[in-house]
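*Asks:* Got a predicted model here, sequence first, then my questions.
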Amino acid sequence: MSIEVLDPTYGGGANAFALAGRLASLEGKTVGIISNGKRGTRPFFASLEKYLKQAGAARVVWHTKANYSAPAEASITADVKNWDAAFVGIGD
């Protein structure tokens, strides 16, 4: 009996990409939060929202996905275009 060991790593190169530019300040900005809806995200994002407002964010927008394991709904991804920054997270 023989055992075959497979290497799951991708041998090709990764696509190059540029990181988004940093905001100089949160002053007057709209920041979005997308939660997967699990219990652990609420207290974390509530603290984050408080911090963002103290840092000068004009508005913090929350969205919670309908299904924690699926991609965000089209209505959520459409709203992202109106934000200056976003936080997306998971939690249990």
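*Replies:* On my side now, so go ahead. Numbers count the residues shown, from 1 in each chain.
*Asks:* for residue 30, which residues make a bridge with it?
*Replies:* Taking DSSP bridges as the rule, residue 30 bridges to residue 59.
*Asks:* quick one: it and residue 62 touch, right?
*Replies:* No. In this structure, residue 30 is not within contact of residue 62 by C-beta atoms under 8 Å, at 11.9 Å. From N, CA and C alone the C-beta is placed, and that goes for glycine too.
*Asks:* For the chain, which segments count as helices?
*Replies:* Taking DSSP state H as the test, the helices found in the chain are 41-54, 74-79.
*Asks:* helices and strands of the protein: which one bottoms out on pLDDT?
*Replies:* Scoring the helices and strands of the chain by mean pLDDT, DSSP states H and E places strand 85-89 at the bottom, with a mean of 91.
*Asks:* Tell me if I'm right that residue 73 and residue 79 touch.
*Replies:* No. Contact criterion C-beta under 8 Å: residue 73 and residue 79 do not qualify, at 9.9 Å.
*Asks:* Looking at those two, which has the bigger crowd around it?
*Replies:* residue 79 (17 against 13; other C-beta atoms under 10 Å).
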